[in-house]
Every structure is written in structure tokens, then in C-alpha cells.
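Compute the structure for the input listed below.
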Amino acid sequence: MHELPLNLGRLLVKINRICAWMLLIFMIIFLISGYAWSNRIILPLRSATYMHTHLDIYLVFFFLVHVLISTKFALARWRVGHERLVSGLLIIVGVISFCLVLSIR
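Prediction:
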């Protein structure tokens with residue numbers, strides 16, 4: 001199996017880590033805004049509702065990028081499939097998943 005060029009691999013690791021940190025931030029915001037929305041405390045109702053219903057798309061985006069990059073690395077470690085085919089399939093899965101989420105909104 002052909003391995004990623006070192007620079008691309010490092011870039012993907014950095015993107016993956018950034019996505020993990022962004023996920024943490026957005027999950028905290030999502031949980032606090034949901035709690036504030038349902039219990040009418042911490043934040044004004046309008047702010048909590050807005051944050052909870054409009055920031056979820058960013059949460060989904062960072063989740064998909066993080067999971068798909070991690071899946072790519074896991075499949076490469078396990079030597080599953082051809083690298084370009086796996087990458088292409090994961091990109092297709094990511095785009096379709098994000099489009100489905102957008103269509104639900």
C-alpha cells in the first residue's frame with residue numbers, strides 16, 4: 001500500500017487535532033445552550049435557542065472531518081484497501097452525510 005507523503009500526513013494530523021478542539025468547544029456550547037434553552041437559565045432564551053439551533057451545523061462539520069480523517073488513518077494502519085480508493089470513498093461519504101444534514105435543516 002502506498003503511504004501518504006510526509007507533509008500531507010502531518011497536515012491531516014494537524015487538521016484532525018484542530019477539529020477535535022473545535023468539537024470540544026462546540027459541544028460545550030451546544031450542551032450549555034441546550035440546558036439554558038430547556039431550563040430557561042444561564043442564557044437568555046433567544047440567545048440559547050439561536051446558539052443551539054444555528055451552531056449545530058459547525059458541530060456536524062467538525063465531527064465529520066475528525067471522524068473521516070481518523071477513519072482514514074485507522075484503515076491505513078490496518079492496511080485496508082487502496083489509499084486513493086479509501087480516501088475517495090471517505091470524501092464521498094463525508095459530502096453525502098453533510099448534504100443529508102443540510103437537507104434535514
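
could you say what helices and strands the helix or strand where residue 15 lies packs with?
Following DSSP states H and E, one finds residue 15 within helix 6-39. If you count contacts as 3 or more C-beta pairs under 8 Å, 6 or more residues apart in numbering; DSSP states H and E, helix 6-39 packs onto helix 45-54, helix 56-77. Backbone N, C-alpha and C define where each C-beta goes, glycine included.

quick one: buried residues of it?
For helix 6-39, a neighbour-count test (16 or more other C-beta atoms under 10 Å) marks 12, 16, 19, 22-23, 26, 29-30, 33-34, 36-37 as buried.

what's the answer for stretch 63-75, then?
Buried positions in stretch 63-75, judged by neighbour count with 16+ other C-beta under 10 Å: 63-69, 71-72, 75.

Between those residues, which sits nearest residue 95?
Distance to residue 95, by C-beta to C-beta, is smallest for residue 64 among the buried residues of stretch 63-75, at 9.1 Å.

Next up, the contacts around the closest one.
When contacts are counted by C-beta atoms under 8 Å, 6 or more residues apart in numbering, residue 64 touches 94, 97-98.

Of those residues, which is the most crowded?
residue 94 (17 neighbours; other C-beta atoms under 10 Å).

Could you check how far it is from residue 23?
Going from residue 94 to residue 23 by C-beta to C-beta, to the nearest Å gives 15 Å.

and if you look at residue 87?
The value you get for residue 87 to residue 23, if C-beta to C-beta is used, is 21 Å.

same deal with residue 32?
Distance from residue 32 to residue 23, by C-beta to C-beta: 15 Å.

pLDDT score for the residue nearest to the spatial centre of the chain?
Ranked by distance to the mean C-alpha position of the chain (C-alpha atoms, centre = their mean), the top residue is residue 63 at 1.7 Å. The confidence metric pLDDT takes the value 98 at residue 63.

Nothing else from me, thank you.
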